[in-house]
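S.K.: what's the 3D shape of this:
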Amino acid sequence: MNAQSLAQHAYSQTARTTKTARGTEYELIARVTHRIKSAAEAGPLAYPRLVEALSDNQRLWTMLAVDVADDDNGLPQDLRARIFYLAEFVQQHTTKVLMKKERITPLLEINAAILRGLGSRRTPK
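M.R.: The predicted structure is shown next:
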């Protein structure tokens, strides 16, 4: 290993350990949103991938709901209530999408809106 690769390795380790909770949330939501969109665009043969991505999205939103329901959560009460409502909507709408009774678009729009909100407040890593 040369000095440059050692420096890159050391920096990347530090960058990973100094990520903010907001940055981590952003990355998780971005990843799952990309997987949902990619599977949906791939067509019917990718349905198992879509189901897996939607399930991961539901788990993510369940974790967000649990987090905002915690009394120690530092977000304003109004924002916590809106996030909790969105989590409930995501759960119900995902079930309808899986039953092929609703379109996937609202789920992608919700995640995109959350990403915009998190992105506008992100701090450099």
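S.K.: Now residue 112: which helix or strand?
M.R.: helix 105-121 (DSSP states H and E).
S.K.: Which residue lies nearest the spatial centre of the protein?
M.R.: For the chain, the residue nearest the mean C-alpha position is residue 29 (1.6 Å; CA atoms, centre = their mean).
S.K.: In this structure, where is pLDDT below threshold?
M.R.: Where the chain drops to pLDDT under 70, the residues are 1-19, 121-125.
S.K.: re earlier: report the buried residues of the helix holding residue 112.
M.R.: 107, 108, 110, 111, 114, 115, 118 (16 or more other CB atoms under 10 Å). The C-beta positions use only the backbone N, C-alpha and C, and glycine is treated the same way.
S.K.: what does stretch 42-54 give?
M.R.: Buried residues in stretch 42-54 (16+ other CB under 10 Å): 50, 53, 54.
S.K.: what's the spacing between the second one and residue 82?
M.R.: Noted for residue 53: a distance of 24 Å to residue 82, by CB to CB, to the nearest Å.
S.K.: All set, thanks.
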